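# Provided below are the primary sequence and the corresponding predicted coordinates.
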Amino acid sequence: MRLPDFTLARPRSLAEATELANDPRARIIAGGTDLVPNLRRGLEAPRTVVSLERLPELRKIEPYEGGLRIGACVPLARILEQAQLPAALREAAQSVGAPGHRNAGTIGGNLCLDTRCLYYNQSAEWRASHGYCLKRGGDICHVAPKGKVCRAAFSGDLAPALLALDARVEIAGPKNALGVKPLQDIYRDDGAHALTLAPGEIVAAILVPSANLRSGYAKARSRGAIDFPLAGVAMALALSRDKVKTLRVALTGTNSCPILLKGTEELVGRAADDALGSAISKLVQKQAKPLRTTIGAADYRRQVAAVLARRLLARLTHGDKQ
């Protein structure tokens, strides 16, 4: 599968990169572990590919008031080396692909992964023979034929960890505009348009607050290495005298965007026991919305997400602070 024709741009400043990316037919590339396979399969046909390789400011990890600022182009392998980062983020990075993927793939790229579906992530010939889907070229979602919204699943591993840690993102835009917003604000529940970023907007950095939290990440996948999550769960919590003081839980692989579980604030003050695990499990099963987007059955993915959440709670409450 050959790459399509496009112009490769290598800007030397973030301002230049945002101007080039302002073209709706431009695509950003950092590590390329997601974009390049999509280009080879004909899923993308950009006029310009804007490389961020000549922007060293996007590869820095530095303190900021209240935590750490991680440049969007920091490789996942480097995340694993930062002992000062929360365990959930390091565990999520460790779970991504193989060592080669982690050496090339970046934290910003993982947050901006394209959504995935059995009917979309195929060769151009396969998709043409089956009938193009709502996500690209067609007018029907093969997963939910009666619906008008694409149900492709978001499968990035780092987003739920960062959601659980209450991270924010720096967004660079045309004319050097730079804004900060909560991470969840860059996503919408639409598999065809999961990112809310406008043309010209680039994730420049991730702001991870320092907090006295126990955190972790767990995922289920078809194979023990390289696979995207069938379901992934991140959790961050604080305890006071064995009672929950803070609790945030996030999911990936089950919905068209990563989600921060609603209703966990009502569990604050409860004992960290099996009953709490059951309550979290019920919230997960209610809010996880998997469909036939992977080789794993939808109900299995919902159930396994609930089990992962219970096990993660047990690990964090009975282990050392992460």
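Okay, I see it.

# longest helix of this structure?
As assigned by DSSP state H, the longest helix anywhere in the chain is helix 298-318.

# buried sites along it?
For helix 298-318, the neighbour count (16 or more other CB atoms under 10 Å) marks 298, 301-310, 312-313, 316-317 as buried. Where C-beta positions appear, they are placed from N, C-alpha and C, glycine not excepted.

# same question, stretch 88-97
88-93, 95-97.

# Low-confidence regions, the stretch 101-250 of the chain specifically.
Residue ranges of the stretch 101-250 of the chain with pLDDT under 70: 176.

# Just the strands from it, written as ranges.
Secondary structure of the stretch 101-250 of the chain, counting by DSSP state E, counting those that start in this stretch: strands at 168-172, 178-182, 202-209, 214-220, 231-240, 243-252.

# closest to V284 among the buried residues of stretch 88-97?
Nearest to V284 out of the buried residues of stretch 88-97 is A88 (CB to CB; 16.2 Å).

# Next up, the contacts around the closest one.
Counting by CB atoms under 8 Å, 6 or more residues apart in numbering, A88 makes contact with 161, 164-165, 215-217, 234-236, 322.

# quick check, nearest of those to K146?
Minimum separation from K146 among the contacts of A88 (CB to CB) is found for A234, which lies at 32.4 Å.

# which residues touch that closest one?
A234 touches 88, 92, 160-161, 163-165, 215-217, 249-252, counting by CB under 8 Å, 6+ apart.

# ditto for A218
Neighbours of A218 in contact, by CB under 8 Å, 6+ apart: 91, 232-233, 308, 311-312.

# likewise S13?
Applying CB under 8 Å, 6+ apart to S13 gives the contacts L55.

# Now do it, the pLDDT please.
Note on S13: pLDDT of 95.

# what do you get for I295?
85.

# just checking, it touches L118?
Yes. At 7.1 Å, I295 counts as touching L118 under the criterion of CB atoms under 8 Å.

# Between those two, tell me which one has more neighbours.
Using other CB atoms under 10 Å as the criterion, I295 and L118 rank with L118 on top: 15 against 9.

# what residues are up against the more buried one?
Here L118 is in contact with 292-295 (criterion: CB under 8 Å, 6+ apart).

# Compute the distance between it and G138, please.
With distances taken as CB to CB, to the nearest Å, L118 is found 14 Å from G138.

# go on, D227?
Using CB to CB, D227 is found at 26 Å from G138.

# Can you tell me the closest non-neighbouring residue to G108?
A72 (2.8 Å; CB to CB, 6 or more residues apart in numbering).

# Any idea how many residues pack against the one you found?
28.

# so how far does stretch 161-171 reach from one end to the other?
Terminal residues of stretch 161-171 are spaced 19 Å apart (CA to CA, to the nearest Å).

# can you check stretch 288-301 too?
Stretch 288-301 end-to-end distance (CA to CA) = 9 Å.

# next one: stretch 181-188
14 Å.

# what does it rub up against?
Residues outside stretch 181-188 that contact it (CB under 8 Å, 6+ apart): 111, 154, 159, 162-163, 166-169, 171, 194-197, 203, 206, 257-258, 260.

# got the buried residues for that stretch?
Neighbour-count burial for stretch 181-188 flags 183-184, 186-187 (criterion: 16+ other CB under 10 Å).

# Sticking with C73, tell me its helix or strand.
Following DSSP states H and E, one finds C73 outside all helices and strands.

# Tally up the residues packed near the residue lying closest to it once chain neighbours are set aside, please.
Nearest residue to C73, sequence neighbours excluded (CB to CB, 6+ apart): L58, at 3.9 Å. Neighbour count for L58, taken as other CB under 10 Å: 24.

# was I right about T293 contacting C141?
No. Between T293 and C141 there is no contact under CB under 8 Å: 9.9 Å.

# which residues sit in contact with the residue lying closest to R292 once chain neighbours are set aside?
Spatial nearest neighbour of R292, chain neighbours left out: V143 (5.1 Å); criterion: CB to CB, 6+ apart. Counting by CB under 8 Å, 6+ apart, V143 touches 117, 119, 151-152, 291-293.
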